[in-house]
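*Asks:* I would like to see how this sequence folds:
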Amino acid sequence: MLLLGIDDAGRGPIIGPMFLAGVLLRPEQEKELKAEGVADSKMLLHPKRIRLAGMIKDVCLKYKLASATPKEIDHSINSRVNLNTLEAIKAAEIINSLLVGIKEKVRIIVDCPSVNTSAWRITLLNYLKQTEDIELLCEHKADVNHPVVSAASILAKVEREEAISKLKAEYGSIGSGYPSDPATQAFLKKQGKKLEKSGIIRTSWATWKALFPVAGQSKLEGFS
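*Replies:* Numbering: from 1, shown residues only. Sure, this is the predicted structure:
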C-alpha cells in the first residue's frame, strides 16, 4: 500500500498565500525520510527544512503543491465558503492529481484543519474523483505522528517561506504575516490601506476589519 500525506502552511496569516502540499511514497521511502530527520516542519529550523525539501522531492514517487491566494481566500469567505471547505477543495485537487495513473491501494493521511474530523472527511470525499482503493484518514497532529505528512508539511512550509521572502523584498518589513506579530501589525497600520487592492492581504480577516471598519457595518468575526 502506498502512502499519501497532505498538510498546509500559512492558514492563519493575514498576509500572503496559503499552501498545501501532498507527498506520495512507499513505506520504505517513508522510513528513509524519517531516518534523515523528516519531522513536523514547525520543529525544524528553516535551513534544515530547505535541505529536507530537496531530499523529499528526490525520494518520493510524486509530490504536488497547491496554493490559495489572499484574493481567493477572501472571495471564498465572502461567498460564505469557509476556510475549511476551501482547504478540502485544495486537498482534493492534490489527491486527484497524485492518484492519476496509480494502480495500487493508497492510504491517504491528511492533517485535518477542522475540529470536526469526521465531518471534514466527508467534505473532502465529496471533491475526490476516485474513492475506490483508497483509505482516507483525517487526523489532528498528523504532521507529528506520520512522517509522510511531516514531509508534506516541510514542502508546504518551504513554499510559504519563499513566498513571504518575495513579499518582503517587494514591500519591506511585513513581519511573519501573522496577525499577532507586532511587525505585521505595524506594517498593516502604516501601509495596509493603500495595499488593500494589492492582493497580498486577506481583507476578510477580523484583524483587517478591526483596523479598517467599513462605514455602517459592525466589525465581523473572521479567521485570525
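*Asks:* Leu4 - that's part of a strand, no?
*Replies:* Yes: when DSSP: H, G, I helix; E, B strand; the rest coil is applied, Leu4 is found to be in a strand.
*Asks:* how about the helices in this structure?
*Replies:* In the chain, the helices defined using DSSP state H lie at 27-35, 46-59, 70-78, 83-98, 117-126, 142-145, 147-171, 182-191, 206-211.
*Asks:* among the ones you listed, which is nearest Arg11?
*Replies:* Arg11 lies closest to helix 83-98 among these, at 7.0 Å (Cβ to Cβ). Backbone N, C-alpha and C define where each C-beta goes, glycine included.
*Asks:* The closest one: which residues count as buried?
*Replies:* For helix 83-98, the buried set under the neighbour-count rule, 16 or more other Cβ atoms under 10 Å, comprises 83-92, 94-95, 97-98.
*Asks:* cool, stretch 153-166 as well?
*Replies:* Neighbour counts over stretch 153-166 (16+ other Cβ under 10 Å) mark 153-161, 163-164 as buried.
*Asks:* Restrict that stretch to CA atoms and write it as PDB.
*Replies:* This file holds the C-alpha atoms of stretch 153-166, laid out as PDB (Å, rounded to 0.1, in the frame of the first residue of the first chain):
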ATOM      1  CA  SER A 153       4.400  19.900   5.900                       C
ATOM      2  CA  ILE A 154       8.000  20.600   5.100                       C
ATOM      3  CA  LEU A 155       7.300  21.200   1.400                       C
ATOM      4  CA  ALA A 156       4.300  23.500   2.200                       C
ATOM      5  CA  LYS A 157       6.300  25.400   4.800                       C
ATOM      6  CA  VAL A 158       9.300  26.000   2.500                       C
ATOM      7  CA  GLU A 159       7.000  27.200  -0.300                       C
ATOM      8  CA  ARG A 160       5.200  29.600   2.100                       C
ATOM      9  CA  GLU A 161       8.500  31.000   3.400                       C
ATOM     10  CA  GLU A 162       9.700  31.600  -0.200                       C
ATOM     11  CA  ALA A 163       6.500  33.500  -0.900                       C
ATOM     12  CA  ILE A 164       7.000  35.600   2.200                       C
ATOM     13  CA  SER A 165      10.600  36.300   1.300                       C
ATOM     14  CA  LYS A 166       9.500  37.600  -2.100                       C
END
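*Asks:* Pass me the low-pLDDT residue ranges in the chain, would you?
*Replies:* Within the chain, the segments meeting pLDDT under 70 span 215-224.
*Asks:* Show me it divided up by domain.
*Replies:* 2-167, 172-211 (automatic domain parsing).
*Asks:* so how far does the first one reach from one end to the other?
*Replies:* With Cα to Cα, to the nearest Å applied, domain 2-167 spans 37 Å between its terminal residues.
*Asks:* what's the answer for the shortest one, then?
*Replies:* Counting by Cα to Cα, the length from the leading to the trailing residue of domain 172-211 is 20 Å.
*Asks:* List the buried residues for that domain?
*Replies:* For domain 172-211, burial by neighbour count (16+ other Cβ under 10 Å) applies to 174-175, 177-179, 181, 184-185, 187-188, 191-192, 195, 200-205, 207-209, 211.
*Asks:* now stretch 128-136
*Replies:* 128, 134, 136.
*Asks:* Make a markdown table out of the buried residues of helix 83-98 and add distance to Gly16.
*Replies:* Shown next, in a markdown table, are those (distance: Cβ to Cβ, whole Å):
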| residue | distance to Gly16 |
| --- | --- |
| Leu83 | 15 |
| Asn84 | 19 |
| Thr85 | 20 |
| Leu86 | 15 |
| Glu87 | 16 |
| Ala88 | 21 |
| Ile89 | 19 |
| Lys90 | 15 |
| Ala91 | 19 |
| Ala92 | 23 |
| Ile94 | 19 |
| Ile95 | 24 |
| Ser97 | 23 |
| Leu98 | 25 |
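*Asks:* Thanks a lot, see you next time.
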